[in-house]
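Chemist: Dropping a prediction and its sequence here:
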Amino acid sequence: MYWRLPRKQLDEQQGELNRRNLKALVESGSIPGLLAYSGNEPVGWCSIAPREEFSTLARSRVLKPVDELPVWSVVCFFVARTQRGKGLTVELLNAAVEYASSNGARIVEGYPVEPKKGKAVDVFVFTGLLSAFKQAGFTEVLRRSETRPIMRYSL
């Protein structure tokens, strides 16, 4: 819900209320993202939807729209600790591109982190790493911040 709500509302609904609202979003038929499984166990998550569903992007100076073209946005990931470093983020990105394409998207956009030095702490790379987006075929289209490129995949 982080990307879908104004910060004040997110904070006011923190915890159980945000979980219930996400569950209600799913139950309404909306698909807020994709799950990755290892056997029957969910081990990864990727949030993808048309950009306009993520109001936080509209308020960001760094991640404001590049142009007027309609895009789908990949805004965050979760990969279980046991699955990190195995390429699951790239697989999730590939699945996100396929899903967006099957729903009429022409451009998929992402907002990864490129750490200044060395390895970034996991908690700070929930939007993905630049290297994963490059491996999935995304290209950088704009950078308003030293560590935050805007990446696109054109379909």
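Modeler: Perfect, I can see it now. Numbering: from 1, shown residues only.

Chemist: wait, what's in contact with the spatially most central residue of the chain?
Modeler: Centroid-nearest residue in the chain: residue 75, 2.1 Å away (criterion: Cα atoms, centre = their mean). Listed by Cβ atoms under 8 Å, 6 or more residues apart in numbering, the contact set of residue 75 reads 3, 47-48, 54, 57, 110-111, 127. Where you see a C-beta, it was placed from the backbone N, CA and C, and this is true even at glycine.

Chemist: So which other helices or strands are in contact with the lengthiest helix in the chain?
Modeler: In the chain, assigned by DSSP state H, the helix with the most residues is helix 88-102. Contact here means 3 or more Cβ pairs under 8 Å, 6 or more residues apart in numbering; DSSP states H and E; on that basis helix 88-102 packs against strand 33-38, strand 41-50, strand 72-79, strand 107-110, helix 130-135.

Chemist: Let's have these in CSV, adding distance to residue 94.
Modeler: Formatted as CSV, these follow (distance: least, Cβ to Cβ, whole Å):
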stretch, distance to residue 94
strand 33-38, 10
strand 41-50, 10
strand 72-79, 11
strand 107-110, 10
helix 130-135, 9
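
Chemist: and of the ones you listed, who's closest to residue 152?
Modeler: strand 107-110 (5.2 Å; Cβ to Cβ).

Chemist: Name the strands paired with that closest one and say parallel or antiparallel.
Modeler: strand 72-79 (parallel), strand 148-154 (antiparallel) (DSSP bridges).

Chemist: Now do the buried residues in the shortest one.
Modeler: Applying a neighbour-count criterion of 16 or more other Cβ atoms under 10 Å, the buried positions in strand 148-154 are 148-153.

Chemist: and it, C-alpha only, in PDB?
Modeler: What follows is strand 148-154, C-alpha atoms only, in PDB (Å, rounded to 0.1, in the frame of the first residue of the first chain):
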ATOM      1  CA  ARG A 148      17.700   6.300  -8.700                       C
ATOM      2  CA  PRO A 149      17.500   5.700 -12.500                       C
ATOM      3  CA  ILE A 150      14.200   5.400 -14.300                       C
ATOM      4  CA  MET A 151      14.300   2.300 -16.400                       C
ATOM      5  CA  ARG A 152      12.000   1.300 -19.200                       C
ATOM      6  CA  TYR A 153      11.100  -1.800 -21.200                       C
ATOM      7  CA  SER A 154       9.400  -1.100 -24.500                       C
END
